[in-house]
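>>> Got a sequence here, can you build the structure:
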Amino acid sequence: MKSTFLAATAALALSGCAATTLPPETAQTAPSAPVARVAQSWSDFEKTTIDKWLAIDPAFAVYQGDHAQDGKLPDWSAAGLEAKADFLRGTIARANSFEDLTREEAFERDYLVSVARGQLFFLTDADYPHTNPAWYVGGGLDPNVYVSRNYADKATRMKAMISFFNAIPQAAANIRANLKTPMPESFVKYGVAAFGGFADYYKGDARAAFADVQDPALQAQFKDASAKASAAMASLTEWMKGQQASATQDFALGPARFSKMLKDTELVDIPLDQLEKVARDDLARNQAALRDACKQYAPGQSIPDCIAKMAADKPADGPVAEARRQIPELTAFVKSHDLVTIPGTEKALVEESPPYNRQNSAYIDPPGPFEKGIPSIYYISPPDPSWSKAVQEAYIPGKDDLLFTSVHEVMPGHFVQFLHSNRAPSLVGRLFVGYGFAEGWAHYTEQMMWDAGLGNGAPEVHIGQLSNALLRDCRFISAIGLHARGMTQEQSKQLFMDQCYQDEGNATQQAARGTYDPEYLNYTLNKLLIMKLRADWTATRGGRKAWKAFHDQFLSFGGPPVPLVREMMMNEDTPRTVF
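From the prediction side, this is the model:
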């Protein structure tokens with residue numbers, strides 16, 4: 001998924017600001033003064049709060065399809081960051097002042113508070129506006145909405161991009177003023193790649209996308225604005241390059257802040273030792289399943305050779321063409337096995353990812369809930385042409401590996417999940433789909449589809465599923481290790497290679513990602529929470545026969561922390577972390 005993310009990665013989670021920085025192991029969100037109960041209904045409060053949220057974070061608003069905010073960027077000045085932090089604190093305090101709510105209203109309150117707490121964690125406790133370039137990359141610098149979403153005619157979208165480009169020089173100046181040095185080496189490399197990619201895209205492919213607009217005056221404005229935006233990003237890139245000599249390895253959040261991140265963002269509140277055991281137990285289960293599958297598929301061969309055999313079966317005409325064939329087949333499977341409702345008539349297109357956003361091998365860009373009739377786009381990144389032929393060939397996934405990427409990103413993963421969240425009865429649910437919910441669901445569907453019979457038991461298909469599961473197991477372990485156990489990037493890289501059978505290039509990339517995206521444990525963490533919830537919920541409803549009903553109800557909530565969904569679906573009194 002586009003990370004926000006989402007990243008989401010974490011673009012889904014990282015949107016906002018910070019005010020002050022506290023010592024790493026003692027950082028806490030500043031308490032708010034008591035707020036008097038106001039004479040306002042919950043629904044009115046919810047609407048006015050979200051209106052303010054969209055106004056204070058216009059990049060988020062535009063991504064959700066609120067085009068009244070087109071062309072605007074968040075205020076990343078010191079005053080703007082302080083205003084966003086105050087807004088989040090005030091939202092939490094005012095929401096918590098509501099009493100005597102219905103069960104549904106109390107759920108929406110807790111959902112909204114969890115979103116605000118999660119954002120506030122990254123803005124104040126982690127202090128990402130001053131420490132992590134990824135916060136900006138996922139926070140508004142990507143103009144893809146204007147390029148790929150046909151929500152208006154090209155001239156209208158081109159005017160929005162002109163406004164966007166005109167805002168970039170000030171945004172770049174704020175980023176440079178905010179980021180503290182020295183920075184971790186992986187953060188510097190990420191910033192160089194991302195900001196440099198934007199510099200190229202703004203004056204290159206972004207211009208080409210609107211080259212057919214027949215308006216010379218508009219084209220002149222567009223060229224001038226894009227050139228200035230590109231220059232601003234290029235200057236920021238050069239400044240980032242200048243930080244390489246002083247770069248550090250000080251990327252860790254530390255155990256206290258890492259635990260607080262999980263509690264504030266995902267309502268997961270268990271000791272890290274217990275959480276790490278959950279991760280290692282899942283790794284062991286998947287390794288055992290892989291050994292069994294390889295005995296069938298490649299008897300007598302090593303595990304790496306077995307995986308290499310699976311990966312060698314590559315699509316003859318490339319992964320984009322193969323994914324386009326896979327999606328209708330997966331759709332037919334979901335329908336014939338009655339696994340989940342596929343609402344609406346929206347489509348998922350498959351395209352090659354733009355050059356500035358190829359850190360992810362694959363991701364989807366779904367339209368927001370305010371958009372109408374806009375397709376999702378499933379992007380697949382080609383290998384870097386500067387790589388050797390052998391490395392380029394290794395980068396292209398095998399058919400069975402790609403199959404589960406298509407499951408994850410499209411059917412019935414992110415694409416189907418966003419079809420549901422865009423129709424959620426709650427406005428909070430439609431707008432705020434969390435990193436953990438989205439990636440947990442998408443990764444869960446990989447396991448679920450295999451369990452439902454995808455591949456008809458073929459061991460090579462199972463190996464494709466397990467190779468993806470193992471990758472996420474090592475993310476789970478690495479996130480804890482890198483941020484709470486003193487693990488180095490090199491040790492993380494070796495973990496990915498030795499325990500999860502990743503090639504060296506991918507292992508290097510995964511280890512680096514873990515330093516600036518500590519939430520990437522969410523794939524397996526939330527997959528396991530969903531699997532346990534399904535087992536408990538369906539136990540009294542017919543087991544396997546109730547999967548579709550479970551999936552539809554689970555997705556109806558939008559995208560809150562999974563423990564909050566568990567509280568509602570199991571009719572419990574409080575959110576619980578249950579594996």
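>>> Residue 391 contacts residue 505, correct?
Yes: counting by CB atoms under 8 Å, residue 391 touches residue 505, with 6.5 Å between them. All C-beta atoms are positioned from the backbone trio N, CA, C, and that covers glycine.
>>> Now residue 380: phi and psi?
phi -120, psi 130 (degrees, to the nearest 10).
>>> ditto for residue 208
Torsion angles at residue 208 (phi, psi; degrees, to the nearest 10) stand at phi -60, psi -30.
>>> what's the neighbour count on it?
Neighbourhood size, residue 208 [other CB atoms under 10 Å]: 11.
>>> what do you get for residue 44?
Residues near residue 44, counting by other CB under 10 Å: 11.
>>> what helix or strand does it sit in?
Using DSSP states H and E, residue 44 maps to helix 42-56.
>>> Identify each buried residue in that helix, please.
Neighbour-count burial for helix 42-56, counted by 16 or more other CB atoms under 10 Å, picks out 42, 45, 46, 49, 50, 53, 54, 56.
>>> The fifth one: what's its closest spatial neighbour, skipping adjacent residues?
Distance criterion CB to CB, 6 or more residues apart in numbering; nearest residue to residue 50, sequence neighbours excluded, is residue 427 at 6.1 Å.
>>> OK, contacts around that neighbour?
Contact partners of residue 427, counting by CB atoms under 8 Å, 6 or more residues apart in numbering, are 46, 47, 50.
>>> separation between it and residue 374?
According to CB to CB, to the nearest Å, residue 427 stands 19 Å off from residue 374.
>>> Find me the pLDDT at the residue nearest to residue 50, would you?
Residue 427 carries a pLDDT score of 95 in this model.
>>> average pLDDT for stretch 197-208?
Mean predicted confidence for stretch 197-208 is 93.
>>> Endpoints of that stretch, how far apart?
End-to-end distance of stretch 197-208 (CA to CA, to the nearest Å): 15 Å.
>>> What of stretch 59-67?
One end of stretch 59-67 to the other measures 10 Å (CA to CA).
>>> Hmm, residue 577 is touching residue 274, no?
No: Residue 577 is beyond contact range of residue 274, at 9.2 Å (criterion: CB under 8 Å).
>>> Looking at those two, which is more packed in?
Using other CB under 10 Å as the criterion, residue 577 and residue 274 rank with residue 577 on top: 21 against 10.
>>> What helices and strands are in contact with the helix or strand of the chain with the lowest mean pLDDT?
The helix or strand of the chain with the lowest confidence, counting by mean pLDDT, DSSP states H and E, is helix 389-395 at a mean of 84. Helix 389-395 makes packing contacts with helix 504-516 when contacts are defined by 3 or more CB pairs under 8 Å, 6 or more residues apart in numbering; DSSP states H and E.
>>> redo that, cut-off 7 Å
Here helix 389-395 touches no other helix or strand, going by 3 or more CB pairs under 7 Å, 6 or more residues apart in numbering; DSSP states H and E.
>>> In the protein, what residue spans correspond to strands?
348-352, 362-365, 376-380 (DSSP state E).
>>> Kindly provide the distance from the nearest residue in space to residue 110 that is not next to it in sequence to residue 577.
Residue nearest to residue 110 in three dimensions, not counting chain neighbours: residue 564, with 6.0 Å by CB to CB, 6+ apart. Residue 564 sits 11 Å away from residue 577, going by CB to CB.
>>> pLDDT weak spots in the stretch 1-150 of the chain?
The stretch 1-150 of the chain contains residues with pLDDT under 70 at 1-39.
>>> mind giving me CSV with the strands of the chain and columns for mean neighbour count and mean pLDDT?
Output for these, formatted as CSV (neighbours: other CB atoms under 10 Å; pLDDT from 0 to 100):
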stretch, mean neighbour count, mean pLDDT
strand 348-352, 18, 95
strand 362-365, 24, 94
strand 376-380, 24, 96
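>>> closest to residue 99 among the buried residues of helix 42-56?
Among the buried residues of helix 42-56, residue 42 lies closest to residue 99 (CB to CB), at 10.2 Å.
>>> Contact partners for that closest one?
If you count contacts by CB atoms under 7 Å, 6 or more residues apart in numbering, residue 42 has them with 98, 101, 105, 109.
>>> Could I have the buried ones of those residues as PyMOL selection syntax?
In PyMOL, a selection of the buried entries from those looks like this (16+ other CB under 10 Å):
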select buried, resi 98+105+109
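>>> is it possible to export the contacts of residue 42 to a markdown table including distance to residue 557?
Below are the contacts of residue 42 laid out as a markdown table (distance: CB to CB, whole Å):
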| residue | distance to residue 557 |
| --- | --- |
| 98 | 19 |
| 101 | 16 |
| 105 | 14 |
| 109 | 14 |
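>>> hmm, which two among the contacts of residue 42 are most spread apart?
Most distant of these, by CB to CB, are 98 and 105, 7.6 Å apart.
>>> any chance of the strands of the chain in a markdown table, with distance to residue 268 too?
Putting the strands of the chain into a markdown table (distance: least, CB to CB, whole Å) gives the following:
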| stretch | distance to residue 268 |
| --- | --- |
| strand 348-352 | 30 |
| strand 362-365 | 24 |
| strand 376-380 | 28 |
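>>> And the ones you listed: which comes nearest residue 140?
Using CB to CB, the strands of the chain put strand 362-365 closest to residue 140, at 14.7 Å.
>>> Strand partners (parallel or antiparallel) of the closest one?
strand 376-380 (antiparallel) (DSSP bridges).
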